[in-house]
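Q: coords please:
(one chain, ligands or ions: 2)
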Amino acid sequence: MITLGVPSKGRLMEKTFQWFAARGIEMRRTGSERDYGAEIAGLPVALRLLAAGEIPRELAAGRIHLGVTGSDLVQERIPAWDQAVETVERMGFGHADLIIAVPAWWVDVTSLDDLDSVAADFRATHGHRLRIATKYHRLVRDFLREKGVADYRLIDSQGATEGTVAHGTAEAIADITSTGETLRANHLAILQDGMIHRSEATLFRSRIAHWGQEERASLGAVTDLLQAGPTK
Ligand SMILES: Nc1ncnc2c1ncn2[C@@H]1O[C@H](COP(=O)(O)OP(=O)(O)OP(=O)(O)O)[C@@H](O)[C@H]1O
Ligand SMILES: O=P(O)(O)OC[C@H]1O[C@H](OP(=O)(O)OP(=O)(O)O)[C@H](O)[C@@H]1O
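A: Ligands and ions are numbered 1, 2, ... in the order given. From the prediction side, this is the model:
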């Protein structure tokens, strides 16, 4: 039997259940909201309800064979992520863009080159590096290294990141956006080349989990249904 981890709450849970149901895989909670029990009728698959943010760790440890979470969380939370997991299918919901944004009144800072120039001057003027608040440390550091932006410091922000600029904790942010409402409300503007990652809910397969004959047979039963595509 294989284990499938799906979000237990938050914005991905409902659509994950609907996505699988549309492909003939009915997921059911087997207890109260709080006991996290769940099952799949008619398939040799054990279901585990987990926080979306914890599914990358469970996949990388091989404690679950399949998992649904945002691609941003997998790429942020698993070092060399594509050696630990394989993308089975991008699921078409939970779309969100991981971007870099600066104060809207920084009208001359519209690109990463502008940010790099400001960052170089910033340290000379303020005596400390330009601060970028984010919860996506790996993705932001790799992206800025690749783009040649150097003179900055990351400030950890695990929520309400857009508010850090107004509160003087940071000068810029890197966070997830979908409607852009939170950015606008906090008078922040996305850099023209500030798109770091386009995230989407994704079904991943763990390369680390045990894949014997039985597990491969279970996987085959699931992928046969997925390949048939949505039937309702
Ligand atoms: N505003 C948003 N719009 C669309 N998707 C989002 C948004 N914010 C986060 N996401 C995506 O949803 C996925 C899970 O987000 P969510 O906040 O539900 O995680 P969680 O860990 O379950 O929640 P919590 O923050 O309560 O721990 C991530 O892939 C994330 O990129
Ligand atoms: O572009 P928008 O539609 O405005 O969405 C963006 C916001 O949504 C998420 O926040 P969430 O509500 O998950 O709370 P959080 O700040 O605790 O992450 C994300 O962290 C952004 O702050």
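Q: okay, CA-based contacts and neighbour counts for the rest of this
A: OK.
Q: Residue 168: what secondary structure?
A: Of the three states, residue 168 takes coil under DSSP: H, G, I helix; E, B strand; the rest coil.
Q: which residues does it contact?
A: By Cα atoms under 8 Å, 6 or more residues apart in numbering, no residues touch residue 168.
Q: Same check on residue 150?
A: 116, 119, 144.
Q: and if you look at residue 169?
A: Contacts of residue 169 (Cα under 8 Å, 6+ apart): 131, 133.
Q: Can you add neighbour count and give the contacts of residue 150 back as TSV?
A: Formatted as TSV, the contacts of residue 150 follow (neighbours: other Cα atoms under 10 Å):
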residue	neighbour count
116	20
119	22
144	18
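Q: can you redo these as CSV with secondary structure?
A: Shown next, in CSV, are those (three-state DSSP):
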residue, secondary structure
116, helix
119, helix
144, helix
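Q: Buried residues of the lengthiest strand in the chain, list them for me.
A: Under DSSP state E, the strand in the chain containing the largest number of residues is strand 188-199. Residues of strand 188-199 classed as buried by neighbour count (16 or more other Cα atoms under 10 Å): 188-191, 194, 196-199.
Q: tell me, which of the residues you listed make contact with ligand 1?
A: residue 199 (Cα under 6 Å from any ligand atom).
Q: Need the buried residues of strand 188-199 in CSV (columns: pLDDT).
A: Formatted as CSV, the buried residues of strand 188-199 follow (pLDDT from 0 to 100):
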residue, pLDDT
188, 98
189, 98
190, 98
191, 98
194, 98
196, 98
197, 98
198, 98
199, 98
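Q: Which pair in the buried residues of strand 188-199 has the greatest spatial separation?
A: For these, the maximum inter-member distance is 20.2 Å, found between 188 and 199 (Cα to Cα).
Q: tell me the contacts of the closest residue to residue 201 other than its chain neighbours?
A: Excluding the flanking residues, the one nearest residue 201 by Cα to Cα, 6 or more residues apart in numbering is residue 70, at 4.3 Å. By Cα under 8 Å, 6+ apart, residue 70 lies in contact with 52, 94, 199-202.
Q: ok, residue 70 to residue 41 distance?
A: Using Cα to Cα, to the nearest Å, we find residue 70 at a distance of 25 Å from residue 41.
Q: Which residues are in contact with the closest residue to residue 163 other than its chain neighbours?
A: Among residues not flanking residue 163 along the chain, residue 186 sits closest, at 6.5 Å (Cα to Cα, 6+ apart). Taking Cα under 8 Å, 6+ apart, we find residue 186 in contact with 162-163, 166.
Q: Stretch 31-51 near ligand 1 anywhere?
A: Yes - residues of stretch 31-51 contacting ligand 1 under Cα under 6 Å from any ligand atom: residue 51.
Q: can you tell if that stretch touches ligand 2?
A: No - on the criterion Cα under 6 Å from any ligand atom, stretch 31-51 is out of touch with ligand 2, staying 12.8 Å away.
Q: for that stretch, which positions count as buried?
A: Applying a neighbour-count criterion of 16+ other Cα under 10 Å, one finds 38-40, 44-51 buried in stretch 31-51.
Q: just to revisit the earlier point, export the contacts of residue 70 to a markdown table and tack on distance to ligand 2?
A: Below are those laid out as a markdown table (distance: Cα to the nearest ligand atom, whole Å):
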| residue | distance to ligand 2 |
| --- | --- |
| 52 | 12 |
| 94 | 11 |
| 199 | 12 |
| 200 | 14 |
| 201 | 14 |
| 202 | 18 |
